[in-house]
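Chemist: Okay, here's the prediction I keep looking at, along with the sequence it came from:
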Amino acid sequence: MQGGFRSILSHGNVVKSAILQRMRMASSPQLQSLILARFESSAAPVRMEEHGFESTTISDILKVKGKSADGSWLWCTTDDSVYDAVQSMTQHNVGALVVVKSDEQKSIAGIITERDYLRKIIVQGRSSKSTKVGDIMTEENKLITVTPDTKVLKAMQLMTDNRIRHIPVINDKGMIGMVSIGDVVRAVVSEHRQELDRLNAYIQGGY
């Protein structure tokens, strides 16, 4: 995943390669000079900045996901049994669940992970069916979250550095959704493609 992340972040090199390729395809030195002049014109940085390669936010992803954005299958409550939580993890092939307060389903209380289960249930010989999630969860202050305004590249970096596949989205009222590393990667790739299309249009005189 680290390699893929570095590849996507090498946007500047991709743009440079696209320009050089376009120049190689030019049939005459005059045309090459025209292409270079277009790219180096003072208007170019302004327009590229207006579009912004890093403009997509987590809010944009939530809009695309629609109702599935709530990520309800990726959270449990503090009163749920550890057994049910682990069963949910297994069913959905995830290594952790966000824990919300039983009386406030949008208020995050913490997170329960496979490591919590192994260290606090298996190793200590406790019963997963009689132990509540709230008794073994990792506290909220150790939970990594994003906001609707977080840029997708920042979210991708957080998820990659911390080796997590899902991340809760919160605002001042609590949790409003959940995004996966797949959601983030698709958004980054899509924006990357759109930026290259804009660059190509600019070189051809579309701006």
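Modeler: Great, that's in hand. Quick caveat: nothing in here was measured; it's all calculated off a predicted structure.

Chemist: Ends of stretch 143-151, what's the gap?
Modeler: 18 Å (C-alpha to C-alpha, to the nearest Å).

Chemist: Just the buried positions in that stretch, please.
Modeler: For stretch 143-151, the neighbour count (16 or more other C-beta atoms under 10 Å) marks 143, 145-146, 148, 150-151 as buried. The C-beta positions use only the backbone N, C-alpha and C, and glycine is treated the same way.

Chemist: List the ones among those residues that fall in strands.
Modeler: Per DSSP state E, strands hold no members of these.

Chemist: now these in a markdown table, with pLDDT and distance to residue 113?
Modeler: Below are these laid out as a markdown table (pLDDT from 0 to 100; distance: C-beta to C-beta, whole Å):
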| residue | pLDDT | distance to residue 113 |
| --- | --- | --- |
| 143 | 84 | 10 |
| 145 | 91 | 15 |
| 146 | 94 | 18 |
| 148 | 95 | 25 |
| 150 | 95 | 22 |
| 151 | 93 | 26 |
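
Chemist: top helix in the chain by residue count?
Modeler: helix 181-203 (DSSP state H).

Chemist: list the buried ones in that helix?
Modeler: Buried, per 16+ other C-beta under 10 Å, within helix 181-203: 181, 183-185, 187-188, 191-192, 195, 198-199, 202-203.

Chemist: okay, residue 156: pLDDT?
Modeler: If you check residue 156, the pLDDT there is 91.

Chemist: A strand includes it, no?
Modeler: No - under DSSP: H, G, I helix; E, B strand; the rest coil, residue 156 falls outside any strand and is assigned helix.

Chemist: That one contacts residue 180, correct?
Modeler: No - with contact defined as C-beta atoms under 8 Å, residue 156 and residue 180 do not form a contacting pair (11.0 Å).

Chemist: average model confidence for the longest helix of the chain?
Modeler: Rounded mean pLDDT across helix 181-203 is 81.

Chemist: Okay, residue 125 and residue 188: tell me how far apart.
Modeler: 45 Å (C-beta to C-beta, to the nearest Å).

Chemist: Quick check: end-to-end length of stretch 119-129?
Modeler: OK, stretch 119-129 end separation, C-alpha to C-alpha: 16 Å.

Chemist: Pull out the buried positions in that stretch.
Modeler: So for stretch 119-129, counting by 16+ other C-beta under 10 Å, buried means 120-121, 128.

Chemist: Quick one: those residues as TSV, columns for secondary structure too.
Modeler: Shown next, in TSV, are those (three-state DSSP):
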residue	secondary structure
120	helix
121	helix
128	coil
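
Chemist: how about the residues you listed in a markdown table, adding distance to residue 166 and pLDDT?
Modeler: Listed next are the buried residues of stretch 119-129 as a markdown table, based on distance: C-beta to C-beta, whole Å; pLDDT from 0 to 100:
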| residue | distance to residue 166 | pLDDT |
| --- | --- | --- |
| 120 | 21 | 95 |
| 121 | 22 | 97 |
| 128 | 22 | 96 |
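
Chemist: Just name the closest of those to residue 83, please.
Modeler: residue 128 (4.0 Å; C-beta to C-beta).

Chemist: quick one: contacts for that closest one?
Modeler: 81-83, 86, 117, 121 (C-beta atoms under 8 Å, 6 or more residues apart in numbering).
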